[in-house]
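[1] Please find the sequence and the predicted model below.
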Amino acid sequence: MSYIGKKVFFLLPLILLIVSAACGPATPTAEDALDSSRPDIGDPEDGEDSGLSEDSGLSEEDAAEDNDQEAPILEVPFEIYGGVDAEEFETTDSGLQYIVYEEGNGQFPEPDQMVSVHYTGYLTDGTIFDSSRDRGQPFSFPLGQGSVIAGWDEGIGFLSVGGNGRLIIPPELAYGDSGAGALIQPGDTLIFDVELVEIVLPPPEAPRTVDDGDYTVTESGVKYFDFEEGSGAMVEDGDIVTVHFTGWLEGGEMFDSSLLRGQAIVVIMGEGQVIPGWEEGMRNMKVGGSRQMIIPPDLAFGEEGAGGGIIPPNSTLIFEVEVVDVASSQ
């Protein structure tokens, strides 16, 4: 599911935009490398089904696949209330039941904000029908706009960033009498273990101002400045890196941003999936770190430019990036 702002920016995902300055055959994305057989969480506007959209659950192809394969079922008896007394769950006026297992240390989301959530969805017998964790990437959506089932729009609002809990969603707040896909039957109650990973704020209109003397300059000419150094794992070649970004031309015109879509991109470092300036500029960053990079044309798109003129020939590019996650590809 994606979120498109009112302004017209470069509509191709950056993973395609910066896949190769030489314009060679597109390399499979790191997301595909993680699991090429997974069902997609798509954008209903693009004709792709989301496991959380109200219209349907899994796509017809996924449903056919599910008929051929048994869904994973927990090896131990499934406990709907997660091993705690039912009385410890709160019940809202709508009938949603929820519990917060761990309070986060961030803000609570507000309606219309883009939120990023990890989740695992269960039927009441313990059958897992979907999980963002299997894909290694959280699911993003605008809260309170009806782009997901009603139980999610209500339940995610009870979590603060970093918090996790469980939602027990009655059918009238899920897929009702219709069901979804091959696994979610009419009248099914759904259970979700959820974690609010982040509130995705809209991108800034222009890159932040940095004094020229504060940049570090690499031998090849990439300039970078760290707003936050981060404290997690360091980015190294071969790592699967999840990153949010916003890109501007040198004159300040924004051409793309993952924040507008509410979905970070995933790249494998050192595999030539991105322009050379990106790979060089992101080395030694850590999870939680944010950095501004100024990439000269010869490490970006050079004399050819990109995007049918959106990035003109010989353009210097400015990126502000935040490393969300780093995982080994081994």
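    Now that the structure is in, tell me what you want to look at. For clarity, every value in this text was computed on a predicted model and none was experimentally measured.

[2] Residue 124 against residue 189, yeah?
    Yes - assessed by CB atoms under 8 Å, residue 124 is found in contact with residue 189 at 5.6 Å. C-beta: built from backbone N, CA, C; applies to glycine.

[3] For the two, indicate the residue with more neighbours.
    Neighbour totals were compared for residue 124 and residue 189, and residue 189 leads with 18 against 12 (other CB atoms under 10 Å).

[4] Can you read off the pLDDT for that one?
    pLDDT for residue 189: 96.

[5] Report the contact partners of it.
    124, 168-171, 174 (CB atoms under 8 Å, 6 or more residues apart in numbering).

[6] Just the buried subset of these, written out for PyMOL, thanks.
    Of the contacts of residue 189, the buried ones go into a single PyMOL selection, burial set by 16 or more other CB atoms under 10 Å:
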select buried, resi 168+169+170+171+174
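
[7] Using CSV, please lay out the contacts of residue 189 together with secondary structure, pLDDT and distance to residue 231.
    Formatted as CSV, the contacts of residue 189 follow (DSSP: H, G, I helix; E, B strand; the rest coil; pLDDT from 0 to 100; distance: CB to CB, whole Å):
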residue, secondary structure, pLDDT, distance to residue 231
124, coil, 95, 40
168, strand, 97, 35
169, strand, 97, 35
170, coil, 97, 41
171, helix, 97, 43
174, coil, 97, 38
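
[8] quick check, nearest of the contacts of residue 189 to residue 78?
    residue 124 (7.4 Å; CB to CB).

[9] residues contacting the closest one?
    Contact analysis of residue 124 by CB under 8 Å, 6+ apart lists 78, 80, 188-189, 191.

[10] and the residues you listed, which two are the farthest apart?
    Checking those with CB to CB, the most distant pair is 78 and 188, at 13.8 Å.

[11] neighbour-wise, which of the two wins?
    Neighbour count, other CB under 10 Å: between residue 78 and residue 188, residue 188 has more, with 21 against 16.

[12] which residues sit in contact with the more buried one?
    123-124, 171, 174-175, 179.

[13] Over to residue 108?
    Counting by CB under 8 Å, 6+ apart, residue 108 has contacts 157, 159-160.

[14] Can you tell me how far residue 257 is from residue 207?
    11 Å (CB to CB, to the nearest Å).

[15] more neighbours, the two?
    Taking neighbours as other CB under 10 Å, residue 257 and residue 207 compare with residue 257 leading, 22 against 19.

[16] So which residue is dead centre in the chain?
    Among the residues of the chain, the one closest to the centroid is residue 263, at 3.5 Å (CA atoms, centre = their mean).

[17] where's that residue relative to residue 244, distance?
    The value you get for residue 263 to residue 244, if CB to CB is used, is 9 Å.

[18] same deal with residue 205?
    16 Å.

[19] Between these two, which is the more surrounded one?
    Ranked by neighbour count (other CB under 10 Å), residue 205 and residue 244 place residue 244 first, with 23 against 10.

[20] Over to the more buried one: give its phi and psi.
    The phi and psi torsions at residue 244 (degrees, to the nearest 10) take the values phi -90, psi 150.

[21] For it, name its beta-bridge partners.
    Under the criterion DSSP bridges, residue 244 forms beta bridges with residue 322.

[22] Please verify my assumption that it contacts residue 264.
    Yes - using CB under 8 Å, residue 244 makes contact with residue 264 at a distance of 4.8 Å.

[23] For those two, list the residues in contact with both.
    258, 324.

[24] Report the contact partners of residue 292.
    207-208, 210, 224-225, 227, 318-320 are the contacts of residue 292 under CB under 8 Å, 6+ apart.

[25] go with 7 Å
    207-208, 210, 224-225, 227, 318, 320 (CB atoms under 7 Å, 6 or more residues apart in numbering).

[26] hey, what's it bridged with?
    Assigned bridge partners for residue 292, using DSSP bridges, are residue 225, residue 320.

[27] try residue 167
    Residues in beta-bridge contact with residue 167 (DSSP bridges): residue 98, residue 192.

[28] Check it and give its pLDDT.
    Note on residue 167: pLDDT of 97.

[29] Residue 199 and residue 156, how far apart?
    On the measure of CB to CB, residue 199 and residue 156 end up 10 Å apart.

[30] same deal with residue 319?
    30 Å.
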